[in-house]
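Peer 1: this is a predicted model, with the sequence first.
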Amino acid sequence: SPHPTEAGDLYVWGWNESGQLALPSKALAEERAQAEDSGTGSTKLTPCQEQLASEDTAFISIQAFPALLDLPQDLEVSAVSCGSRHTAVVTRKYGQLGHGNNVSSDQARRVEHLVAEGLRVEEVVCGPWTTYVRVQEP
């Protein structure tokens, strides 16, 4: 059961048998080793895989109490949901204006993505670090 805080920190706890909490798991390490043996493994390792590559990694089947998850590149989490064998998070990196970058602006600018998709904004809500819009499709 992952949970983000106001500050964007992600705490995880619960079942991690398949690595769904992004913590080291034995099943994930074995799966990765089989992929490498068969030659289908990727040469680029994710931060989680790099952690699993360590010989002295302690595998976690169950995280009994909330643990802060160390996300790469100082990412902040704004929303999270989990299934029985996976977890998905929405991260924020100060791109709250909707222009596809983290550049500040002191002048009004049209959000070109909405125009390109032919979307019409019906409602807008601003949070501390995000902007949400409800749109109507053409």
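Peer 2: It's in.
Peer 1: need the helix or strand of this protein with the lowest average pLDDT.
Peer 2: Counting by mean pLDDT, DSSP states H and E, the weakest-scoring helix or strand in the chain turns out to be helix 47-53, with a mean of 51.
Peer 1: quick check: the gap between residue 30 and residue 19.
Peer 2: Distance of residue 30 to residue 19, computed by CB to CB, to the nearest Å: 11 Å. No exception for glycine: its C-beta is placed from N, CA and C like everyone else's.
Peer 1: between the two, which one's more packed in?
Peer 2: In this view residue 30 and residue 19 are compared by other CB atoms under 10 Å, and residue 19 has more residues nearby, 23 against 11.
Peer 1: can you give me the strands for this structure?
Peer 2: 3-4, 10-15, 62-68, 76-82, 87-92, 120-126, 131-136 (DSSP state E).
Peer 1: neighbouring strands for the fifth one, and are they parallel or not?
Peer 2: I take that to be strand 87-92. Take DSSP bridges as the rule and strand 87-92 pairs in its sheet with strand 76-82 (antiparallel).
Peer 1: the residue nearest to residue 9 when sequence neighbours are not counted pairs with what?
Peer 2: Ranked by CB to CB, 6 or more residues apart in numbering and with sequence neighbours excluded, the top spatial neighbour of residue 9 is residue 68, at 6.0 Å. Applying DSSP bridges to residue 68 yields these beta-bridge partners: residue 11.
Peer 1: could you report the neighbour count for residue 68?
Peer 2: By other CB under 10 Å, the residues close to residue 68 number 10.
Peer 1: and for residue 29?
Peer 2: Around residue 29 there are 18 other residues, counting by other CB under 10 Å.
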